[in-house]
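Peer 1: here you go, sequence then predicted model.
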Amino acid sequence: MLEPRRLAAKSIAARMASFLGEEIGETVGFRIRFETRVSAKTRIEVLTEGIMTRMIHSDKALEGVGLVIFDEFHERSIHADVAMALCRETQQILRPDLRLLIMSATLDTQLLARLLNAPVSISKGRQHPVEIIYTGQQDVLMLAEMTVSTTLEAVHSHKEGDILVFLPGESEIKKCEELLRKKLRNCSIHPLYGQLSWGKQHAAIMPHKQGKRKIILATSIAETSLTIEGVKIVIDTGFGRTMRFDPNTGLSRLETVQISKDSADQRAGRAGRLEPGICYRLWTEANHSRLAEYRTPEILEADLSSLVLDMAQWDIMDMEQLTWLSPPPQAALMQATETLHQLNALENGRITAHGKKIHSLPCHPRIAHMLVMAEESGKLDLATDLASLLEERDPMPRETGININLRIEALRRYRKENGQGKRLGQIEKVAQSYRKLFNIEADNGAVDHYESGVFLAHAYPERIACARPGNNAQYQLANGKYASASHKDDLAHELWLVIAHLNAREGIGKIFLASPLNPKDLAPMVKNRKVISWDTEDGELLASQDLRIGNIVLQSKPLPEPDEEQRIPAISEAIKREGDRLLNFNEEVKQWQLRILSLRKWYPLEGWPDVSTQALLMTNREWLYEYLKEVKTPEDLKKIDLLEILKNRLDSEKKDKAAILAPAYLNINNLKMKLEYRPNGMPPVVKIKEKEGRALTKPLTINEGKIEICFE
């Protein structure tokens, strides 16, 4: 039985074991990262979803498994999607007797039923009615204050029942907790988020021992799987946090986003588990109608390095041969493949011996590569400390500075002195698990800061960074991007850094964690390359012999008479980097893209192409190459008729279908009205005069009546 989170896996296993009057690890057990409670008697195992893919890799036939249950599948984590694809592959090739069961309270069952050719069973359960109260417009900048105000109103208006408050993340939870503790003396306030210790998480979901009224301040961790006893009131801010991967930078960033309708339904349902309840939504009913129906699957926004390595381990070269509910985006797959080639995990698309070592470790391929390199150099004690710090939240306050070695030193002091501190305790627990994996002892000695830099460079070769001349504490990364630290930081004077954590914002990013690098240690990473590039300002073809670390040029010597045959490949590379400004992505093109992307969202099984700008730029060699032969200057690129080229990529059947299901215009009372399509398959908008709007007698729809048009 697969669960999206560790807390849910442990809680559900404990619940089932208690029904049987047994301890965990007898009939019912669990497996989560670095912790297993199973025995020879175990018949039901509750797993986090990432563990499942590792089980399949070690036993492709899943011998001894009769049924795999995908619980809370609506969350659509990347691990769940990969596990589903691999289980289907096992079922179709090796184990036709293997059974799969998908469970969720808010799921697009019709889509899944078509995909899996499976029947749908519905159980209404014991859900009690929940009254919904919309409080008004959201203001993300005043979220904590608005949430506290609504919580106080709920406390005074409803004298009974615990209150569950949904907030985007830890920082908002802490701010609300601080404000509420000043105003409420008779309530017990409990934070609930993934980084908390198991004891504090358990206290948040169990009834208060003295019977006090509880207020639980939670992230989306409390949306599913957990029944928090005593909750009658839910307060939903309407926001969550999600990690989004940008293939253009090779980095992921945590973003605060509006939730979808299915997520709002899950949250409201927490108030009606045991008796009728109330849900306050900190937005308007009109705003609610415009929310996306379902959350965006993680596979469409995440770093796909682990997925690509998983598939390579299975010797799957063509991702499309698998059954995907949402096919992984082409641009992100290309970026992940490139990263794995950089880490020597792949060669010509196939997994290497080094890649198999990386895959065998229970962590991201970057960190696994660092650990394997450390094992070869006999420095695993330092690398395991680094790995645990990279995986967990920064344990030090912001004013500590960006040097990751200060965190390693704090961790080693913690071990040496048997110190206090929950965050360092959690990091040490992960480091201990890595040491157990490699059978090594802890090292509490002095840290060589430059040695840490070498290991970080193995994990993040594209984030090796060189100080920009004349720019205090600004650095150019090997991937061509720029980032800065505070000019007061201890590392601001370093000529070379390797960056572990940064905010990949537009322009110059902000460095959060880094280590200094000794230039002498960079020698193995320096490449001597002949570079032919296209000047995007004047269209000139340039050639040089460079000494480089990625895009950082250490030395460059111009070469005469560049080879004209390289002009088109050079233009294609320039389009990858700057195509959104070089090509004419006018409003007509953007609307066509949104129409096709909406159909891709509405009909994921029909093979509608990924025509997002990101994907088009990354794959421009496939569809634009022939049209680049006449290009001499950047102005020539602007003249290319993108819309015509892109339309011609569709076969006639899809062109006709797009015109019917997602039309560009609608005839409304003999008026031709333009539809404005929006991202993520959201309903399109028609701007209409008030007088014309009053003449409408019924809602207007597209997509065979499934999508209702919004009017402004």
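Peer 2: Received the coordinates, thanks.

Peer 1: apart from its chain neighbours, what residue comes closest to Arg88?
Peer 2: Closest residue to Arg88 apart from its sequence neighbours, by Cβ to Cβ, 6 or more residues apart in numbering: Thr323 at 4.4 Å. Using the backbone N, CA and C atoms, a C-beta is placed for each residue, glycine as well.

Peer 1: measure the one you found to Ile69 for me?
Peer 2: Separation of Thr323 from Ile69 (Cβ to Cβ, to the nearest Å) stands at 18 Å.

Peer 1: what about Ser197, how many residues nearby?
Peer 2: 13 (other Cβ atoms under 10 Å).

Peer 1: ditto for Lys638
Peer 2: 13.

Peer 1: average pLDDT across stretch 432-447?
Peer 2: For stretch 432-447, mean pLDDT is 94.

Peer 1: so which bits of it are buried?
Peer 2: By 16 or more other Cβ atoms under 10 Å, the buried positions in stretch 432-447 come out as 433-435, 437, 442-444, 447.

Peer 1: just the ones of those in helices?
Peer 2: In this view, the buried residues of stretch 432-447 that belong to helices under DSSP state H are 433-435, 437.

Peer 1: could you dump these into a markdown table and include distance to Asp538?
Peer 2: Formatted as a markdown table, those follow (distance: Cβ to Cβ, whole Å):
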| residue | distance to Asp538 |
| --- | --- |
| Ser433 | 56 |
| Tyr434 | 52 |
| Arg435 | 57 |
| Leu437 | 55 |
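
Peer 1: nearest to Thr536, of the residues you listed?
Peer 2: Of all those, Tyr434 has the smallest distance to Thr536: 45.1 Å, by Cβ to Cβ.

Peer 1: isn't that closest one right up against Ala387?
Peer 2: Yes. In this structure Tyr434 lies within contact range of Ala387 using Cβ atoms under 8 Å: 5.7 Å.

Peer 1: mutual contacts of these two, please.
Peer 2: Residues touching both Tyr434 and Ala387 (Cβ atoms under 8 Å, 6 or more residues apart in numbering) are Leu371.

Peer 1: show me the shaky parts of the stretch 201-350 of the chain.
Peer 2: 224-226, 246-253 (pLDDT under 70).

Peer 1: surely Glu3 meets Glu72?
Peer 2: Yes. When contacts are counted by Cβ under 8 Å, Glu3 is listed as touching Glu72 (6.7 Å).

Peer 1: settle it for me: which of those two has more neighbours?
Peer 2: Glu3 (27 against 24).

Peer 1: and the pLDDT for the closest residue to that one other than its chain neighbours?
Peer 2: Nearest residue to Glu3, sequence neighbours excluded (Cβ to Cβ, 6+ apart): Ala9, at 4.3 Å. Here the pLDDT value assigned to Ala9 is 90.

Peer 1: again with the one 4 residues further on
Peer 2: Per-residue pLDDT puts Ala13 at 94.

Peer 1: what residues are up against it?
Peer 2: 24, 28-30, 37, 46 are the contacts of Ala13 under Cβ under 8 Å, 6+ apart.

Peer 1: mind doing that once more with 7 Å?
Peer 2: Contacts here follow Cβ atoms under 7 Å, 6 or more residues apart in numbering; on that basis Ala13 touches 24, 28-30, 46.

Peer 1: do the same with Ser263
Peer 2: 223, 240, 295.

Peer 1: mind redoing it with 10 Å?
Peer 2: 74-75, 106, 166, 220, 223-224, 236, 238, 240, 291-292, 294-295 (Cβ atoms under 10 Å, 6 or more residues apart in numbering).

Peer 1: next: Leu522.
Peer 2: 453-454, 457, 464, 466, 496, 498, 549, 552, 554.

Peer 1: filter these down to the buried ones.
Peer 2: Neighbour counting over the contacts of Leu522 (16+ other Cβ under 10 Å) leaves 453-454, 457, 464, 466, 496, 498, 549, 552 as the buried ones.

Peer 1: what is the most widely separated pair among those residues?
Peer 2: Taking Cβ to Cβ, no two of those sit farther apart than Val454 and Ile552, at 16.7 Å.

Peer 1: which helix or strand lies directly C-terminal to the helix or strand of the chain with the lowest mean pLDDT?
Peer 2: Least confident helix or strand, the chain: strand 251-258 with a mean of 74, by mean pLDDT, DSSP states H and E. For strand 251-258, the following helix or strand on the C-terminal side (DSSP states H and E) is helix 261-269.

Peer 1: with respect to Ile316, which of the buried ones among the contacts of Leu522 is nearest?
Peer 2: Looking across the buried ones among the contacts of Leu522 and measuring by Cβ to Cβ, the closest to Ile316 is Ala457, at 30.4 Å.

Peer 1: so that closest one sits against Leu386, correct?
Peer 2: No. With contact defined as Cβ atoms under 10 Å, Ala457 does not reach Leu386; the gap is 11.5 Å.

Peer 1: now the strand or helix carrying the residue nearest to Glu3 - C-alpha only, CSV.
Peer 2: In this structure, Ala9 is located in helix 6-19 according to DSSP H and E. Below are the C-alpha coordinates for helix 6-19, written out as CSV (Å, rounded to 0.1, in the frame of the first residue of the first chain):
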residue,chain,number,x,y,z
ARG,A,6,6.2,9.2,5.7
LEU,A,7,3.9,10.4,8.5
ALA,A,8,0.9,8.8,6.7
ALA,A,9,2.7,5.5,6.1
LYS,A,10,3.7,5.1,9.7
SER,A,11,0.3,6.3,11.0
ILE,A,12,-1.7,4.0,8.7
ALA,A,13,0.4,1.0,9.6
ALA,A,14,0.0,1.8,13.3
ARG,A,15,-3.8,2.1,12.9
MET,A,16,-4.2,-1.2,11.0
ALA,A,17,-2.0,-3.0,13.5
SER,A,18,-4.1,-1.6,16.4
PHE,A,19,-7.2,-3.0,14.8
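
Peer 1: contact partners for the nearest residue to Arg54 once chain neighbours are set aside?
Peer 2: Once flanking residues are discounted, Arg54 sits nearest to Pro362: 6.9 Å by Cβ to Cβ, 6+ apart. Counting by Cβ under 10 Å, 6+ apart, Pro362 touches 33-34, 50-51, 54, 368, 433-434, 437.
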